[in-house]
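# Sequence plus predicted model, see below.
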Amino acid sequence: QVQLVESGGRLVQAGGSLRLSCVASGHTFSDYAMGWFRRAPGSDREFVAAISWNGDSTYYGDSVKGRFIISRDNAKNTLYLEMNSLKPEDTGGYYCAARPGSPRIITVQAHMYDYWGQGTQVTVSS
């Protein structure tokens with residue numbers, strides 16, 4: 001199985017930018033499609049973005065489309081989330097997730113991802 005560790009979250013002002021990283025270990029990173037999800041306090045988990053094994057396919061949640069960019073570097077076993085034009089409603093815990101089985105296929109459904117990191121906190125102040 002794969003282990004995932006996120007980093008990069010911090011307090012940032014509205015309109016600012018952040019880049020989150022997720023380092024994978026324990027298995028061949030390119031065997032997995034990857035995703036980012038977030039959870040705000042008192043809210044359900046929300047899909048943010050997903051990427052296929054080689055980065056050729058990406059998909060974004062409506063609330064982040066045009067502001068966030070998901071990418072990956074398979075040589076570094078790392079997934080990224082570039083977050084721009086941040087808003088207070090982007091505040092929450094951000095989690096990366098790995099989906100085995102069909103790395104060319106990306107999905108927004110959290111239950112399709114088998115492996116999850118512990119999360120990194122992003123707080124956007126107004």
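Looks like it came in fine.
# And the strands in this protein?
Remark: strands assigned in the chain by DSSP state E are 3-7, 11-13, 18-25, 33-39, 45-51, 58-60, 68-73, 78-83, 92-99, 115-116, 120-125.
# For the fourth one, name the packing helices and strands.
Read it as strand 33-39. Applying 3 or more C-beta pairs under 8 Å, 6 or more residues apart in numbering; DSSP states H and E, one finds that strand 33-39 contacts strand 18-25, strand 45-51, strand 68-73, strand 78-83, strand 92-99. For every residue, glycine as well, the C-beta is placed using N, CA and C.
# Make CSV out of those strands and add mean pLDDT and distance to Ile105.
Below are the helices and strands packed on strand 33-39 laid out as CSV (pLDDT from 0 to 100; distance: least, C-beta to C-beta, whole Å):
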stretch, mean pLDDT, distance to Ile105
strand 18-25, 98, 18
strand 45-51, 97, 10
strand 68-73, 98, 15
strand 78-83, 98, 16
strand 92-99, 97, 8
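# Tell me which of the ones you listed lies nearest to Met112.
Checking the helices and strands packed on strand 33-39 against Met112 by C-beta to C-beta gives strand 92-99 as the closest, at 5.4 Å.
# Return the list of strands paired to that closest one, each annotated with direction.
strand 33-39 (antiparallel), strand 115-116 (antiparallel), strand 120-125 (antiparallel) (DSSP bridges).
# so of those strands, which one's packed in deepest?
Highest mean neighbour count among these (mean count of other C-beta atoms under 10 Å): strand 33-39, with a mean of 24.
# Give me the angle between it and strand 3-7.
If you take axes from the mean of the first three to the mean of the last three C-alpha atoms, to 10 degrees, strand 33-39 sits at 50 degrees to strand 3-7.
# In CSV, could you pull the C-alpha coordinates for strand 33-39?
What follows is strand 33-39 as a C-alpha-only set of coordinates in CSV (Å, rounded to 0.1, in the frame of the first residue of the first chain):
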residue,chain,number,x,y,z
ALA,A,33,-4.7,8.2,-10.0
MET,A,34,-4.6,10.9,-7.3
GLY,A,35,-7.0,13.4,-5.8
TRP,A,36,-7.3,16.3,-3.4
PHE,A,37,-10.3,16.7,-1.1
ARG,A,38,-11.0,19.2,1.7
ARG,A,39,-13.2,19.4,4.7
